[in-house]
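S.K.: next one to model:
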Amino acid sequence: MDIDHKSMEAAGKAIHDEGGEFARAVSLDRSAVETLRAYLGQDEAALIFRRGKDGHPGYDAAQKDLFTALDNLTKSYEAIGAAVTAMSKNVKTADWASMVDKNAFVHDLVEFGKQQPKDLAVPTTPVELA
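M.R.: Here you go, the predicted model:
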């Protein structure tokens, strides 16, 4: 398979890094949304708006869902980046395995490496130390 592994691994790292940038940007927006709570008031209408009524969710539930979704997006960037890098490494391994099967010289070399020591000739000539 013709793949530019350096490019693919760089792309995986870039996606992962963009997740960190996204998380920082979301953190700032999250803080801004949190400050709105102070302006919602404490009267009955404000409490209904925040907590919901008659089984309908309010602002607090929607905010919680929003923050959960943003956290999941951040984690997705990191997971996708790691997966792209892993794909590149897996393809490298598969390419190596198929090369061993197709290239007779490499196949013979691998088979030679599998031999047990008893199969190898070992010199038995004594050596004198000077």
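S.K.: and the gap between the residue nearest to the spatial centre of the chain and Leu129?
M.R.: Residue closest to the mean C-alpha point of the chain, counted by CA atoms, centre = their mean, is Ala82 at 2.2 Å. Here the criterion is CB to CB, to the nearest Å. By it, Ala82 lies 56 Å from Leu129. For glycine as for every other residue, the C-beta is placed from the backbone atoms N, C-alpha and C.
S.K.: okay, Gly19: pLDDT?
M.R.: Gly19 carries a pLDDT value of 90.
S.K.: mind checking which helix or strand it is in?
M.R.: Taking DSSP states H and E as the criterion, the element that holds Gly19 is helix 5-36.
S.K.: swap in Ala45?
M.R.: Residue-wise, Ala45 maps onto helix 44-51 under DSSP H and E.
S.K.: and that helix, what does it pack onto?
M.R.: Identification of packing neighbours for helix 44-51 by 3 or more CB pairs under 8 Å, 6 or more residues apart in numbering; DSSP states H and E yields helix 59-102.
S.K.: related to what we said a few turns ago, if I look at the residue nearest to the centre of the chain, how far off is Ser98?
M.R.: Computed as CB to CB, the Ala82 to Ser98 distance reads 25 Å.
S.K.: now do the helix holding Gly19: distance to the chain's middle.
M.R.: Put simply, helix 5-36 sits 13 Å off its chain's centre (CA atoms, centre = their mean, to the nearest Å).
S.K.: show me what counts as buried in it.
M.R.: Met8, Glu9, Gly12, Ile15, His16, Gly19, Phe22, Ala23, Val26 (16 or more other CB atoms under 10 Å).
S.K.: what is that helix packed up against?
M.R.: Against helix 5-36 (3+ CB pairs under 8 Å, 6+ apart) you get helix 59-102.
S.K.: okay, the angle between the helix it packs on and helix 5-36?
M.R.: Per axes from the mean of the first three to the mean of the last three CA atoms, to 10 degrees, the angle that helix 59-102 makes with helix 5-36 is 170 degrees.
S.K.: average model confidence for helix 59-102?
M.R.: 86.
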